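Student: following is a predicted model, sequence given first.
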Number of protein chains: 4
Amino acid sequence: MFEKLPRCKVFRDPLYGYIKVEYKLIAKLIDTKEVQRLRRISQLSGVSMVFQTAEHSRFTHSLGAYQMANLVLENVSGAESLSEYERILFLCSALLHDIGHGPYSHAFETVMKVSHEEMTARLILSKYSEVNMVLNEEDKGLASDIASIILHKGKFTVIESLVSSQLDVDRMDYLSRDAYFTGAAYGVIDKERLLRCMLIKDNKVYVRASGVHSVESYIMSRYHMYWQVYFHPVARAYEVILESIYKRIKDLTENGINVDASVSSFLNAISDDIDIREYVNLDDAYVNGFIKQLTNSSDHILKELSIDFMNRHLFKYIDINKEQDQAELLKIEEKYKNKENSRYYYYEISITSSAYLETNSSLPLDINEITILLPNGEAMPLEEYSPIIKGLIQTSLKKSTRIFYHED
Amino acid sequence: MFEKLPRCKVFRDPLYGYIKVEYKLIAKLIDTKEVQRLRRISQLSGVSMVFQTAEHSRFTHSLGAYQMANLVLENVSGAESLSEYERILFLCSALLHDIGHGPYSHAFETVMKVSHEEMTARLILSKYSEVNMVLNEEDKGLASDIASIILHKGKFTVIESLVSSQLDVDRMDYLSRDAYFTGAAYGVIDKERLLRCMLIKDNKVYVRASGVHSVESYIMSRYHMYWQVYFHPVARAYEVILESIYKRIKDLTENGINVDASVSSFLNAISDDIDIREYVNLDDAYVNGFIKQLTNSSDHILKELSIDFMNRHLFKYIDINKEQDQAELLKIEEKYKNKENSRYYYYEISITSSAYLETNSSLPLDINEITILLPNGEAMPLEEYSPIIKGLIQTSLKKSTRIFYHED
Amino acid sequence: MFEKLPRCKVFRDPLYGYIKVEYKLIAKLIDTKEVQRLRRISQLSGVSMVFQTAEHSRFTHSLGAYQMANLVLENVSGAESLSEYERILFLCSALLHDIGHGPYSHAFETVMKVSHEEMTARLILSKYSEVNMVLNEEDKGLASDIASIILHKGKFTVIESLVSSQLDVDRMDYLSRDAYFTGAAYGVIDKERLLRCMLIKDNKVYVRASGVHSVESYIMSRYHMYWQVYFHPVARAYEVILESIYKRIKDLTENGINVDASVSSFLNAISDDIDIREYVNLDDAYVNGFIKQLTNSSDHILKELSIDFMNRHLFKYIDINKEQDQAELLKIEEKYKNKENSRYYYYEISITSSAYLETNSSLPLDINEITILLPNGEAMPLEEYSPIIKGLIQTSLKKSTRIFYHED
Amino acid sequence: MFEKLPRCKVFRDPLYGYIKVEYKLIAKLIDTKEVQRLRRISQLSGVSMVFQTAEHSRFTHSLGAYQMANLVLENVSGAESLSEYERILFLCSALLHDIGHGPYSHAFETVMKVSHEEMTARLILSKYSEVNMVLNEEDKGLASDIASIILHKGKFTVIESLVSSQLDVDRMDYLSRDAYFTGAAYGVIDKERLLRCMLIKDNKVYVRASGVHSVESYIMSRYHMYWQVYFHPVARAYEVILESIYKRIKDLTENGINVDASVSSFLNAISDDIDIREYVNLDDAYVNGFIKQLTNSSDHILKELSIDFMNRHLFKYIDINKEQDQAELLKIEEKYKNKENSRYYYYEISITSSAYLETNSSLPLDINEITILLPNGEAMPLEEYSPIIKGLIQTSLKKSTRIFYHED
């Protein structure tokens, strides 16, 4: 039903050898400007300040997530029961799941009024997007079905779970990919064994009890990647200063003050009424471009933050929860919390090693968690079956706080 | 003081690129028949029944442990304080630590009267070994100092700890090596970061708190390698049948019955008075050789077990502690436990995921455990500092039992 | 038609992740004693004297060649036209292609009366082999068809070419495997791209012109592996001394002199009338066993050679063709060539870098060579299309000579 | 003499594990804006249109070349004779060798009046660069000595050769790095063995004859990377369209016509009198930025080319020298060569597989070529010693031509 390419198209990829594209639809989606824009958005943003080789983009990750979806279809027991339409939905959703991301996404979402998932769905549904056009040309129902998967509407629960849950094609690709491109040894996961242990049954994804070790190992990899790479304080400090710049622009604009730089596409993205056609202008270079202009801003806060950002003079940080830091903490709090404009210069960020639990609270939990299938047919949450994972969750409950502050 | 080779000798190794030998003494030790014998002893014995590429020998591992010792000397802070004599002791001990192992070592130690560490020390000290001769030619004190390190006599605690503890050059090499040669993804450890986090201070080895993640990751690798590779029931079943053969030969001999196969070197090894010159005859092929002869034994127990061994008809196994197995367990127990000669046909083996705790109880605990050094100078046991490791230890306390039995 | 296993069986392999066995027939062939015997025969014999980690067996390579056959069937254009019967022939031939090899095969073939290919065919056809029994149970024609493929009888030319030619599943596996297990960097070949460039058409295997670079790279890998690994003089010296021992045993026996060691299985293998049931006793340990016995031989030649072999006192070697060596060469020649029994102590071996040409002269050349398919449909021998390969062949014509000699 | 950091600074790198920085000077150079600018310049420009994961920057390569220099100092025989000053010169030159590159460098150099080496030297020598300031703070002679190495002035021939020749730290890093980040298998080189075979003697770099295979393998890797990656027609087509845009801007400006986009930094770079302070504004994003503006240009040529560039509608290409293409070639030539403005729409590019010879003609040949040192002390050019390399050079003489043309 879905047309195939005369000859399978391939993309070389260090993680998979070749990423194969069979369907014409997929080839056309890859060529849309919404997907191509992801070439210009770094996957790990500020992490490259610490791991300088982490220069890969969301585009290469999106192709990787698509390829993982192919591997799921080929290797997971029970996947053969999916119809061709469902397979296409799965492949498209994996490919498109990140198109809503803005540049330096963590900081960006703090000023946007919608989540990146919602933004992805809007791009898929908007008549102004090339993605929407390509999907509609193929089948009128595709766009809304894919958007419903991205938003976990519950219509295609197995696919929703495979696209976004605690064991999904997104994480399976990015853990390996981020490890490969940073050189961190921790993200090595045994994807082949993981896939062999997964099982689709009765409209739900399970992991066989015999494969619990490969899931434990995968969760531990996430845990270590979080601490070593994703939560690295220098990477976070880079995003914190960006957040301050974004907030200051927003505050000035809301108070009717013009910012002296080309920020119209940015303002569009944080407005109530986002114009989809302008959203695709947002990329890393665009943000770097206006920050460079802002080093000459007449607003001294913007000017100072932008100069610091350009020269990589990042915020300092201190971890509290360790007794010995309390004295210094009080000094910093006193100095900053009550200061004017401290909202741009002082951040308390709660950090948890939520390698397993960290659920997106907007998603229904039953899809998100990992379920173990015992030989007797009984199902059990991963954390009940595995004491290691239970231990990990207990660790996560102990939050610690990291303070980022601007040093004069 | 210790003579160097005119040009550094190198051994190619897939894990390290090159293993470098600078000292003449090391080159001569590698060429002794006690070290060369390790070429003929498989590192993982029965594991190759499951992971068929696990064909590497204790020789390649011994070179690897020696190379890890080199890397420790080059990379661990504080190692520069060791004298040249201590460095030589360390390198020799790492190279020689396994020479006492018999073929299919697990099974072998059940019938020997001495541990493999004790056997290693005897070989080093015996005037009949080439190793002893080479050491004595260089320095009269070396042999006894190395033997004292192998036996943890407390004279060189830092070296003892680096050669054999829960974080030692032995494990650092074999986890990586066994992963590489089996293809198991779990054993990947970040050796470079581990070494950077270790610290020798006040005659003790520490891990800096900032490096706790790399130690957690290393311990988790051990945990997964234990379950996936070392404790694999088929690998164990292979060793269990060997143990039965060994026991039967021993029992017959002790009752004055001659075994109709060439087992004299074997009998020497399990005697009270081991002749070191004959010990080096023991290797995998020797054991396979007499078992092949025993397929024609007049003792029907030896005959049956040997035929099964040769044809890889291994014992069956069942894990208990899961409720649903209780019924079947009782049937098996009833059938075997009270049967004649059940000691050859029935094994209850307690298995624990002791990736961290499993201490050799003959070693003093303070050397064996991993100690975290906090920034304020305080020291703390790993399990107190890391909730993950604490969780892991709790798992280990829950023992489960695996029954191996011969099916008629 | 051919029965499949209820659940696909897998073998973990570091090169392929998993080797998959779908057919019951394949699973049963793997369990035969002829295939299991390959576990006890080293793939690279004397090479482990130089590259100590080269301890892998012909068994793991045979599984690898079988897996490469699977990959060919999945990835090479035109393979879909093969019938199920042909696919089974291909898989079985790849798995079984090495079962005729003796221990330390190079040396062995110098005293045997048949080639290892012929021996493989005999084992497949003999009613005394388990392989034959398993094949016959499945289909009466299989054994003879597989034997005809091994012997290149011309009945299944495409399969013959894929099993044994200059671009076959045998080489594709062993180049990668030997590189992986020795740690030599040269054998890395881009198997995925190679397979994508191959094409089965009109009953012949081609390589598309667009893929010539991947074939050039593959041939150059062979070239470098030959020089760095396979032809390494120390590895060869190990085989040369074995050859002398084999020859001496043969000579004594043919002169009616009993050799005082257990060599009956060896004598069977070099006889005119090989008993297939005894052939499977031959493995590396068997050879090492009788050589150990021969260190006490009453024949002083056997005694001397065996002692040297056991102590790794290998023959010396010298490469001639370089002017500066001529003087020393003459001295050696004079000393050895006319000496009594020099046939055991002196070897002139012609070495050529025949990474491409080295054809087994018993095979018809058209199957063996690599043919490039141009976009216009024209076919052309690789060496005509690629000047690199032409250069390589010219190098090969310049033979050099290596002398191995026993130093008193 | 040169101050070291209190604790060695490290950069994680997937190729080397850790890149180590011991000297304060190096750490400060890395932080200059000229070196940091390289983070914003892609190493492989248009190659990411074909190998989408080739997103790494010149910054990561520059750190890599610096690390290779460290490895040369540690591993190459004879390097120990270099003074500390020379070692520092070498490390700095390796780190800084690429700072003169513009964005999309190939296209850029066609419109610039100076080579990138010359530009690198100017940046090092200019009092307006941070690099110059940092060097001067340390030692007044450094800047001019480093510039002289970059320009091969002959003062430090060994270092010049190690920084830029046919066997240099630049190529050794980028071949491996580009292979790693593209996923191409061809660039795998055995750096450890290469370094072991190199030798510094009598003020010249040699390769020992015993190591010729590792150099052949390295040259073949270059050859295959050139054809598969660097010369990929799609990558080149991307650069060709950029070249047209650059040329059109230049032509308009030289004719006094203002270009309606922010191109002042670009015009500075192609002027006779480059202002170093403005040069550092040039990066990939800057070029993308003005091309985006030019999609609305009033000059229809710039407008058309820019729109095509933004939408990745690259030029078509055809390879000639194959007889069958002659007819089509004539058609294209006729159509384009005599057309108005064909200089923007039609390119004939001569391509040669110059993996070995391709010398930068501005460099003296004796430094650039690879010299083999025979055991008898005689030196010989690589191509005389190795027939493989001779064959490769002959291939290179056969130039072929690739036509890129804009399709209406």
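Tutor: Received the coordinates, thanks.

Student: C-alpha from now on. contacts and neighbour counts both.
Tutor: Will do.

Student: name the nearest residue to A:Tyr344, sequence neighbours excluded.
Tutor: In space, and not counting its chain neighbours, A:Tyr344 is closest to A:Ser244: 4.9 Å by CA to CA, 6 or more residues apart in numbering or on different chains.

Student: do A:Val35 as well
Tutor: A:Ile99 is the one closest to A:Val35 (CA to CA, 6+ apart), at 6.2 Å.

Student: could you look up the SS state of the one you found?
Tutor: Here A:Ile99 takes the coil state, with states given by DSSP: H, G, I helix; E, B strand; the rest coil.

Student: what's the spacing between the residue lying closest to A:Ser45 once chain neighbours are set aside and A:Ser57?
Tutor: Leaving aside its chain neighbours, A:Ser45 sits nearest to A:Tyr104 (5.4 Å; criterion: CA to CA, 6+ apart). Noted for A:Tyr104: a distance of 11 Å to A:Ser57, by CA to CA, to the nearest Å.

Student: got the CA coordinates for whichever strand or helix holds A:Glu333 in PDB?
Tutor: Element membership for A:Glu333, per DSSP states H and E: helix A:326-337. Only the C-alpha atoms of helix A:326-337 are listed here, as PDB (Å, rounded to 0.1, in the frame of the first residue of the first chain):
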ATOM      1  CA  GLN A 326      26.200  25.100  54.400                       C
ATOM      2  CA  ALA A 327      28.200  28.100  55.600                       C
ATOM      3  CA  GLU A 328      29.200  29.100  52.100                       C
ATOM      4  CA  LEU A 329      25.700  28.500  50.900                       C
ATOM      5  CA  LEU A 330      24.200  30.900  53.400                       C
ATOM      6  CA  LYS A 331      26.700  33.600  52.300                       C
ATOM      7  CA  ILE A 332      25.700  33.100  48.600                       C
ATOM      8  CA  GLU A 333      22.000  33.000  49.400                       C
ATOM      9  CA  GLU A 334      22.200  36.200  51.400                       C
ATOM     10  CA  LYS A 335      24.200  37.900  48.700                       C
ATOM     11  CA  TYR A 336      22.000  37.000  45.800                       C
ATOM     12  CA  LYS A 337      18.500  36.000  46.800                       C
END
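
Student: what residue ranges in chain A are flagged as low confidence?
Tutor: Low-confidence segments of chain A, defined by pLDDT under 70: A:321-325, A:352-367, A:396-399.

Student: can you map out the strands along it?
Tutor: For chain A, applying DSSP state E gives strands covering A:4-13, A:17-23, A:198-201, A:204-208, A:316-319, A:346-351, A:371-373, A:379-381, A:400-405.

Student: got the contact list for stretch A:335-342?
Tutor: Contacts with stretch A:335-342, where a contact means CA atoms under 8 Å, 6 or more residues apart in numbering or on different chains, come from A:Tyr345, A:Tyr346, A:Tyr405.

Student: ok, now which ones touch the second one?
Tutor: With contacts taken as CA under 8 Å, 6+ apart, A:Tyr346 has the following neighbours: A:Tyr336, A:Lys337, A:Ile403, A:Phe404, A:Tyr405, A:His406.

Student: would stretch A:54-70 count as contacting chain D?
Tutor: Yes. With CA under 8 Å from any CA of the partner chain as the criterion, chain D is reached by stretch A:54-70 at A:Glu55, A:His56, A:Ser57, A:Thr60.

Student: now, which of the residues you listed sits nearest C:Met133?
Tutor: Among the residues of stretch A:54-70 next to chain D, A:Thr60 lies closest to C:Met133 (CA to CA), at 51.8 Å.

Student: pretty sure that closest one sits against A:Arg39.
Tutor: Yes. Using CA atoms under 8 Å, A:Thr60 is in contact with A:Arg39, at 7.4 Å.

Student: quick one, phi psi at A:Glu55?
Tutor: The phi and psi values for A:Glu55, taken as degrees, to the nearest 10, are phi -110, psi 10.

Student: not counting its neighbours along the chain, what's nearest it?
Tutor: D:His56 (5.8 Å).

Student: can you show me the helices along the stretch 101-250 of chain A?
Tutor: Ranges of helices in the stretch 101-250 of chain A, per DSSP state H, counting those that start in this stretch, are A:105-111, A:116-125, A:130-138, A:142-150, A:157-163, A:169-182, A:191-197, A:212-225, A:233-254.

Student: quick one: those helices as JSON lines, columns for mean neighbour count and distance to D:Val205 too.
Tutor: As requested, those are arranged in JSON lines below (neighbours: other CA atoms under 10 Å in any protein chain shown; distance: least, CA to CA, whole Å):
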{"stretch": "helix A:105-111", "mean neighbour count": "19", "distance to D:Val205": "49"}
{"stretch": "helix A:116-125", "mean neighbour count": "22", "distance to D:Val205": "56"}
{"stretch": "helix A:130-138", "mean neighbour count": "18", "distance to D:Val205": "57"}
{"stretch": "helix A:142-150", "mean neighbour count": "23", "distance to D:Val205": "59"}
{"stretch": "helix A:157-163", "mean neighbour count": "24", "distance to D:Val205": "55"}
{"stretch": "helix A:169-182", "mean neighbour count": "22", "distance to D:Val205": "34"}
{"stretch": "helix A:191-197", "mean neighbour count": "20", "distance to D:Val205": "46"}
{"stretch": "helix A:212-225", "mean neighbour count": "23", "distance to D:Val205": "43"}
{"stretch": "helix A:233-254", "mean neighbour count": "21", "distance to D:Val205": "42"}
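
Student: can you tell which of those helices is closest to C:Ile249?
Tutor: Within those, the stretch nearest C:Ile249 is helix A:191-197; the backing value is 50.6 Å (CA to CA).
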